[in-house]
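[1] structure for this input, please:
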Amino acid sequence: MGNRNKLISSIIFTIALVLGIPITEATAQGSSVTAHATAEVIQALTATETAQLNFGRFSPETSGGEVKVTPQGIRNSSGSVVLSAGLHNAASFYITGQYEATVSITLPPGSVVLTNVSTNKSMEVYKWESYPAAGLSAGVLSDGSMVVNVGATLKVGNMIDNPVGIYAGTYSVTFAYN
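    Residues are numbered from 1 along each chain as shown. Down below sits the predicted model:
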């Protein structure tokens, strides 16, 4: 048996040599190492609405149309909608969190409804957009903060569908660390 073991060892050594596999006593015996793990807790991400999305005052006139407010606060209308003077603006959110962290922005996936509290008639808000643009890695918390502005389009019916009054509703915007 001794010669047979020597022959097997010699064959294994030759194969390892041809394949370039180093054979050492440590390989045969195994080796262990002490490894390290770390974790870092970062500041919680917070968002505060500093300005509400406001489509302002307008009249739908005969056939209605749309009122759009861009993330930059520019307002325009289409169809028979006539804009009136007064306050209008994009929504604005102040985001705080970990210094230089990247943040994703998720806008409503569909439309939301604004309802007239007196008549229960409604209008649809859709075509959401933001600055910076929504998506993964949408913004960086420079100095631990950033401002996000949100605009949208309001679909307006005629005077019968959307009579005089104030229309209100809610929507969700999600901010998350990447």
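[2] only C-alpha atoms for contact and neighbour calcs from this point on.
    Noted.
[3] tell me what the residue nearest the centre of the chain is bridged to.
    Closest to where the C-alpha atoms of the chain average out (C-alpha atoms, centre = their mean) is I105, at 2.0 Å. According to DSSP bridges, the partner residues bridging I105 are G135, F175.
[4] how is this structure divided into domains?
    1-30, 46-177 (automatic domain parsing).
[5] residues making contact with stretch 123-132?
    With contacts defined as C-alpha atoms under 8 Å, 6 or more residues apart in numbering, stretch 123-132 is touched by 70-72, 107-108, 110-115, 138-139, 148-157, 162, 167.
[6] just the buried subset of those residues, written out for ChimeraX, thanks.
    For the buried members of the contacts of stretch 123-132, the matching ChimeraX selection, counting by 16 or more other C-alpha atoms under 10 Å, is:
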select :70,71,107,111,112,113,114,115,138,139,148,149,150,151,152,153,154,155,156,157,162,167
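[7] before we move on, back to that, reformat the domains of the chain as CSV; add distance to E40 and mean pLDDT.
    Putting the domains of the chain into CSV (distance: least, C-alpha to C-alpha, whole Å; pLDDT from 0 to 100) gives the following:
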stretch, distance to E40, mean pLDDT
domain 1-30, 33, 61
domain 46-177, 11, 97
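[8] ok, which of those domains comes nearest A37?
    Each of those has some distance to A37 by C-alpha to C-alpha; the shortest is domain 46-177, at 21.4 Å.
[9] what about that closest one, distance to the chain center?
    16 Å (C-alpha atoms, centre = their mean, to the nearest Å).
[10] quick one, strands of this structure?
    46-51, 58-59, 65-69, 75-79, 82-83, 91-96, 102-106, 112-116, 122-131, 135-140, 145-156, 167-168, 174-177 (DSSP state E).
[11] give the partner strands of the second one in its sheet and their orientations.
    If I follow you right, that is strand 58-59. strand 82-83 (antiparallel).
[12] count the residues that sit near the residue nearest to L107 when sequence neighbours are not counted.
    Leaving aside its chain neighbours, L107 sits nearest to V173 (4.9 Å; criterion: C-alpha to C-alpha, 6 or more residues apart in numbering). A count of neighbours around V173, defined by other C-alpha atoms under 10 Å, yields 13.
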